[in-house]
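Engineer: Here is my input, please return the structure:
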Amino acid sequence: MADVYRARVIGFRGFSRTIAIKRIHPHLLERERFVRMFTDEAKIASQLVHPNIVQIHELGEEAGVPFIAMELVPGQDLYHVQRRLVETWQSCPWRMAIRIVLELCAGLQYAHDFRRVDGEHQEIVHRDVSPRNVLISFTGEVKLTDFGVARARDREEETRHGLIKGKVRYISPEGATGKPVDRRSDIFSLGIVFAEMLTMRQLREGPSDISILTSIREGRVDREQLSGVTPILRRIVDRALAPDPDQRYPDAVSLRDELLDVAKGELAPMTADELGEFMRRLFAEEYQRDKEHEQEVDRAMTAARRPGGVLADGRSPGRLRPIRRGDQTGGAADALPDEDAAGELVEVPPLPAAATPTATEAPQMEGDLSRTSLVRILHHLAVEEASGRLDLRRDPVQKSVFFEDGEPVFVESNVGAELFGEHLVARGVLERADQTRALDLAADEATSFIEALLKLQIFPPHQLYRHLADQVRDRILDLFTWTAGRFAFFDNAPAPEWTMPLGLRSHRMIHEGVRDHLPLVVVRRALSGLVRGHLTRVGGELPPFLQLTGREQRILRTIELERCTVSELLRKERDEEQVLRLVYLLSEIERLAFTLPS
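Structural biologist: A predicted model of the protein is given here:
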């Protein structure tokens with residue numbers, strides 16, 4: 001729904017502050033329900049001033065696109081904390097889990113009890129208490145964020161009866177049936193979060209959201225997973241997870257008080273200093289990178305203020321431009337809101353695509369597509385079996401390709417015609433009316449368009465994923481037509497949760513992209529100084545999924561046996577374009593080398 005960026009606000013006499021800028025995806029602007037949900041988040045959360053709630057500074061609009069300026073929490077969300085613990089074979093310390101729940105209880109109680117200045121109770125219910133919305137800083141702060149689906153008296157977007165809000169795995173039984181919810185629904189969701197920290201296992205599992213919803217509506221929770229939890233903590237979790245709201249804690253302060261009563265000795269909650277130290281150790285590289293990033297920005301700002309100043313790499317900074325991007329690939333453009341109101345925003349690299357402020361993300365590989373070909377990039381990712389996100393930008397187009405084990409699994413794009421719904425409509429397999437129904441359901445349930453299509457049973461799952469694979473393939477092949485642009489790869493950046501292996505192979509797409517989509521002028525330019533060089537086969541076996549045609553294999557055998565030059569090969573084979581494309585392909589994946597005459 002939105003992307004989040006890191007920005008620096010500059011004020012009077014050298015004052016500066018790092019903040020987060022959250023912007024709605026431009027392609028969602030025509031969906032009024034999404035816009036209302038986005039602005040509701042700012043309107044609700046901006047009233048809530050509490051140390052355990054992310055602070056909203058401003059709701060604004062630039063070039064017709066709404067944005068939220070909000071507090072930046074240098075750290076990680078609880079989802080990534082749990083994932084890192086699993087990756088490093090650690091469990092979540094119970095003292096840490098208790099500290100996090102106590103802090104969340106304080107924030108929830110404040111939100112639940114909040115009254116406007118006129119004394120009117122706002123009846124706020126968060127409705128999406130889940131690990132991704134719990135931020136833990138490197139200094140030990142715990143903050144609740146993302147009130148985008150919260151219920152409150154003053155919100156513009158009213159939830160229609162029977163609609164479900166929030167992430168399925170953490171939703172309460174009454175929320176799963178679309179019934180009215182109150183603060184006790186948040187208590188249930190917090191109980192799930194607490195249980196998963198204590199057990200390091202998902203409390204609710206199933207092959208799909210629909211099966212999980214069914215089990216929730218029937219009141220099923222696998223309490224056997226709690227068998228290893230100490231009885232005094234299990235008693236608290238059991239009460240928070242009571243299917244009947246009347247049997248739960250009536251409010252967050254009641255849960256907090258009972259937890260404080262038992263949190264003694266070995267269960268004494270971590271202090272803020274202890275939690276901060278734990279986070280800095282767990283995310284040592286990210287913490288160090290975050291510090292270095294801030295120092296680099298400070299140096300850039302100092303250079304920008306100094307006449308004739310230069311950046312560390314020797315460039316003149318000029319006037320550093322603010323961030324304004326509707327796609328997670330980031331970038332800079334014209335000024336954001338009125339500088340009198342918001343100060344000058346200095347360009348800082350964007351945060352990962354996420355709906356919450358997270359720690360700084362630095363690319364492990366970046367550069368110019370005119371100097372490093374897409375073929376080399378995809379080949380490198382395949383060989384390294386890399387997982388992460390490849391961002392590519394050629395203004396005004398931005399795309400992000402997500403990889404798992406070196407193979408593409410999903411592509412995001414800001415091109416309207418490349419949206420999955422538009423792709424299906426253009427191919428004649430989805431009616432426009434069904435597309436609208438799915439978009440409305442996705443907005444109502446704060447879920448993905450693909451999940452909405454599955455829930456509406458418009459396509460069987462196998463057919464839907466075949467269409468998705470075709471769309472991802474087309475989006476990637478289009479990238480081969482680019483003759484310029486920038487790229488950046490972010491290692492281990494997570495793909496959307498609902499993605500699955502699509503059977504796409506990087507080397508197969510490299511072959512098709514070079515053969516059918518790469519402009520011939522790019523091939524000629526790359527080989528222009530090499531036609532007199534002798535070709536030598538290097539680098540071992542060809543990648544198994546490259547799948548050369550019979551003609552291409554014959555040309556390759558000629559190269560291996562005769563060690564000819566490109567010019568000689570062209571005279572022998574006569575099909576200039578096919579020879580040039582094959583030579584380019586094999587040289588870019590490091591299977592051909594050129595020996596130029598001295």
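
Engineer: Next up, phi/psi of the closest residue to Val54 other than its chain neighbours, please.
Structural biologist: With sequence-adjacent residues excluded and distances taken as C-beta to C-beta, 6 or more residues apart in numbering, Val54 is closest to Thr145, at 4.0 Å. Heads up, the C-betas are built off the backbone N, CA and C, glycines and all. When read as degrees, to the nearest 10, the backbone of Thr145 gives phi -130, psi 180.

Engineer: in this protein, which helix or strand is least confident?
Structural biologist: Least confident helix or strand, the chain: helix 339-342 with a mean of 32, by mean pLDDT, DSSP states H and E.

Engineer: what residue ranges in the stretch 401-550 of the chain score low on pLDDT?
Structural biologist: Applying pLDDT under 70 to the stretch 401-550 of the chain flags residues 416-418, 446, 496-501.

Engineer: tell me the strands in it, going along the chain?
Structural biologist: Here the stretch 401-550 of the chain has its strands, by DSSP state E, counting those that start in this stretch, at 407-413, 486-491, 534-537.

Engineer: Show me what the next helix or strand after the shortest one packs onto, helices and strands only.
Structural biologist: What it means is strand 534-537. Using DSSP states H and E, the helix or strand that follows strand 534-537 in sequence is helix 550-562. For helix 550-562, the packing partners by 3 or more C-beta pairs under 8 Å, 6 or more residues apart in numbering; DSSP states H and E come out as strand 534-537, helix 566-573, helix 576-588.

Engineer: Return the distance of the second one from the chain's centre.
Structural biologist: Spelled out, it's helix 566-573. 48 Å (C-alpha atoms, centre = their mean, to the nearest Å).

Engineer: Buried residues of it, list them for me.
Structural biologist: Val566, Glu568, Leu569, Leu570 (16 or more other C-beta atoms under 10 Å).

Engineer: Using JSON lines, lay out the helices and strands packed on helix 550-562 together with distance to Glu552.
Structural biologist: Shown next, in JSON lines, are the helices and strands packed on helix 550-562 (distance: least, C-beta to C-beta, whole Å):
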{"stretch": "strand 534-537", "distance to Glu552": "14"}
{"stretch": "helix 566-573", "distance to Glu552": "10"}
{"stretch": "helix 576-588", "distance to Glu552": "5"}
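
Engineer: so where do the helices sit in the stretch 351-500 of the chain?
Structural biologist: 374-383, 420-426, 432-445, 449-455, 461-479 (DSSP state H, counting those that start in this stretch).

Engineer: want to throw those into JSON lines with distance to Gly64?
Structural biologist: Listed next are the helices of the stretch 351-500 of the chain as JSON lines, based on distance: least, C-beta to C-beta, whole Å:
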{"stretch": "helix 374-383", "distance to Gly64": "32"}
{"stretch": "helix 420-426", "distance to Gly64": "21"}
{"stretch": "helix 432-445", "distance to Gly64": "19"}
{"stretch": "helix 449-455", "distance to Gly64": "23"}
{"stretch": "helix 461-479", "distance to Gly64": "26"}
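
Engineer: Tell me which of those lies nearest to Asp238.
Structural biologist: Asp238 sits nearest to helix 432-445 of all the helices of the stretch 351-500 of the chain, at 28.2 Å, using C-beta to C-beta.

Engineer: follow-up on the earlier one: worst mean pLDDT among the helices and strands packed on helix 550-562?
Structural biologist: Among these, helix 566-573 has the lowest mean pLDDT, at a mean of 86.

Engineer: got the angle between that helix and helix 576-588?
Structural biologist: 140 degrees (axes from the mean of the first three to the mean of the last three C-alpha atoms, to 10 degrees).

Engineer: so what are the domain limits for the chain?
Structural biologist: Taking automatic domain parsing as the reference, the chain has its domains at 12-72+284-346, 74-279, 365-511, 519-595.

Engineer: For the stretch 101-250 of the chain, which segments are assigned as helices?
Structural biologist: Under DSSP H, counting those that start in this stretch, the stretch 101-250 of the chain gives helices at 173-176, 183-199, 209-217, 231-240.

Engineer: how about these in a markdown table, adding mean neighbour count, distance to Leu378 and mean pLDDT?
Structural biologist: Listed next are these as a markdown table, based on neighbours: other C-beta atoms under 10 Å; distance: least, C-beta to C-beta, whole Å; pLDDT from 0 to 100:
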| stretch | mean neighbour count | distance to Leu378 | mean pLDDT |
| --- | --- | --- | --- |
| helix 173-176 | 21 | 42 | 82 |
| helix 183-199 | 25 | 36 | 94 |
| helix 209-217 | 17 | 32 | 64 |
| helix 231-240 | 18 | 46 | 95 |
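
Engineer: Adding distance to Val54, write these out as TSV.
Structural biologist: Converted to TSV, the helices of the stretch 101-250 of the chain look like this (distance: least, C-beta to C-beta, whole Å):
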stretch	distance to Val54
helix 173-176	22
helix 183-199	16
helix 209-217	27
helix 231-240	23
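
Engineer: Could you list the buried residues of stretch 105-114?
Structural biologist: Buried residues in stretch 105-114 (16+ other C-beta under 10 Å): Cys105, Ala106, Gly107, Leu108, Gln109, Tyr110, Ala111, His112, Phe114.

Engineer: With stretch 248-257 instead?
Structural biologist: Within stretch 248-257, the residues that count as buried by 16+ other C-beta under 10 Å are Arg248, Tyr249, Asp251, Ala252, Val253, Leu255, Arg256.
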